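Chemist: Next come a sequence and a model predicted from it.
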Amino acid sequence: MSDKKQRSGGQIICDAMLSEGTGAIFGMPGGASLPFYDALYQNPEIKHYSMRHEQGAGYAADGYARALNRVGVCTATSGPGATNLVTSMASAMMDSVPVVFITGQVATDFIGSDAFQETDITGVSIPVTKQNYLVKDVNELPQIVAEAFYLARSGRPGPVHIDVPKDVLLATTDIETPTDVKIPGYRPAEIGHKGMIRRAAEAINKSEKPVILAGHGIAISEAFEELRELAEKAKIPVITTLHGVGNFPETHDLSFGMLGMHGMYYANLAVHNCDLIIALGMRFDDRVTGRIKDFAPNASIVHIDIDPAEIEKVVPTAVPIVGDVKAT
């Protein structure tokens with residue numbers, strides 16, 4: 001018999017939440033997830049908010065993550081409870097919001113038998129999550145939960161889904177949750193390439209009509225002061241995306257408001273006539289660019305983003321910098 005502390009699957013999840021500093025969870029109980037609720041009852045430090053609908057739980061966790069800049073957590077039972085989370089998963093994926101979605105599942109012996117309220121929610125959630133897991137062994141749960149929180153908040157943040165069968169939530173293990181997570185092949189960039197940063201500085205110094213486009217990445221990395229310092233030092237107007245609103249004081253002399261279809265006319269004119277765009281943590285979505293061939297026709301682009309997949313996905317980039325906006 002091991003001297004190590006035995007923990008249920010539900011307690012392992014609660015411990016991970018407390019370690020992460022996430023003191024709230026949003027959800028609705030159901031048969032497959034009741035063992036997790038038993039664990040929550042034993043952990044009063046975690047405030048559970050009972051919702052009227054699972055989709056609302058997902059959006060509440062999304063709002064919690066945005067407001068506090070930490071990982072949000074929501075939970076639902078198997079079947080329709082789990083599938084009701086999908087829309088909020090997709091929203092968190094599109095907006096780069098760190099949310100861990102925890103769903104109950106039928107017992108492992110019943111998986112694949114079309115048991116009552118069984119749904120292949122891991123298969124359903126693949127396109128709308130950064131990563132997902134179906135846990136079939138309680139001994140794997142500590143590592144998976146640690147990975148889930150790490151993946152949700154690191155690199156480009158996003159939703160991670162953990163599907164836990166009822167028997168795994170009830171089972172116990174003495175395996176500890178790792179504090180240092182290393183995932184082979186997953187190495188999100190932090191500091192941009194020095195040579196590219198030098199090229200960006202040269203491009204800024206040579207430009208006559210530069211503008212800064214500040215996106216959601218500024219808020220995620222909390223690079224508000226760095227943005228203001230760059231703008232004021234070089235006297236560059238700051239224009240924001242919809243999710244970038246609030247990154248820069250709207251009353252500042254260099255603030256040109258929001259860009260795009262629903263943005264300010266003068267902001268769009270400034271971009272159309274500029275000779276350099278310094279894009280910070282934004283992805284040039286169609287609400288911003290309109291017709292690509294007509295977007296900023298005279299401008300070169302310096303694009304800084306944590307996600308390499310976003311650079312040159314929409315517009316050609318003269319100076320690509322992959323890295324955290326604040327670290328770079």
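Modeler: Cool, got the structure. Numbering: from 1, shown residues only.
Chemist: Helices of the stretch 201-328 of the chain, start to end?
Modeler: 216-221, 224-234, 265-273, 286-289 (DSSP state H, counting those that start in this stretch).
Chemist: Out of the ones you listed, which gets nearest to P308?
Modeler: helix 216-221 (13.1 Å; CB to CB). All C-beta spots, glycine's among them, are computed from the backbone N, C-alpha and C.
Chemist: Identify all contacting residues around the lengthiest helix in the chain.
Modeler: For the chain, the longest helix by residue count, based on DSSP state H, is helix 54-68. Defining contact as CB atoms under 8 Å, 6 or more residues apart in numbering, one finds that helix 54-68 is touched by 24-28, 49, 51, 70-76, 81-82, 84-85, 87-89, 91-92, 95, 97-99, 101, 157.
Chemist: can you do 6 Å?
Modeler: 24, 26-28, 51, 72-74, 76, 81, 84-85, 87-88, 92, 97-99 (CB atoms under 6 Å, 6 or more residues apart in numbering).
Chemist: Now that helix: buried residues?
Modeler: E54, Q55, G56, A57, G58, Y59, A60, A61, D62, Y64, A65, R66 (16 or more other CB atoms under 10 Å).
Chemist: deepest of the helices of the stretch 201-328 of the chain, which one?
Modeler: helix 216-221 (a mean of 24; mean count of other CB atoms under 10 Å).
Chemist: With only the CA atoms kept, save that one in CSV.
Modeler: This file holds the C-alpha atoms of helix 216-221, laid out as CSV (Å, rounded to 0.1, in the frame of the first residue of the first chain):
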residue,chain,number,x,y,z
HIS,A,216,-6.2,41.3,-28.9
GLY,A,217,-2.7,40.1,-28.4
ILE,A,218,-1.8,43.3,-26.6
ALA,A,219,-4.5,42.5,-24.0
ILE,A,220,-3.5,38.9,-23.7
SER,A,221,0.2,39.7,-23.1
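Chemist: Contacts for it, please.
Modeler: L227, H243, G244, N247, L280, G281, D324, V325, K326.
Chemist: if I pick the first one, what's in contact with it?
Modeler: This means L227. The contact partners of L227, taken as CB under 6 Å, 6+ apart, are A214, I218, F248.
Chemist: Spit out the contact partners of the residue nearest to the last one when sequence neighbours are not counted.
Modeler: If I follow you right, that is F248. Closest residue to F248 apart from its sequence neighbours, by CB to CB, 6 or more residues apart in numbering: V238 at 4.5 Å. Shown in contact with V238 (CB under 6 Å, 6+ apart): I212, A214, A231, F248, L254, S255.
Chemist: from those residues, which single one is nearest P316?
Modeler: The closest of those to P316 turns out to be I212 (CB to CB; 18.7 Å).
Chemist: quick one: D95 and S221, what's the gap?
Modeler: Per CB to CB, to the nearest Å, D95 is found 15 Å from S221.
Chemist: So, low pLDDT: which residues of the stretch 51-200 of the chain?
Modeler: Nowhere does the stretch 51-200 of the chain drop to pLDDT under 70.
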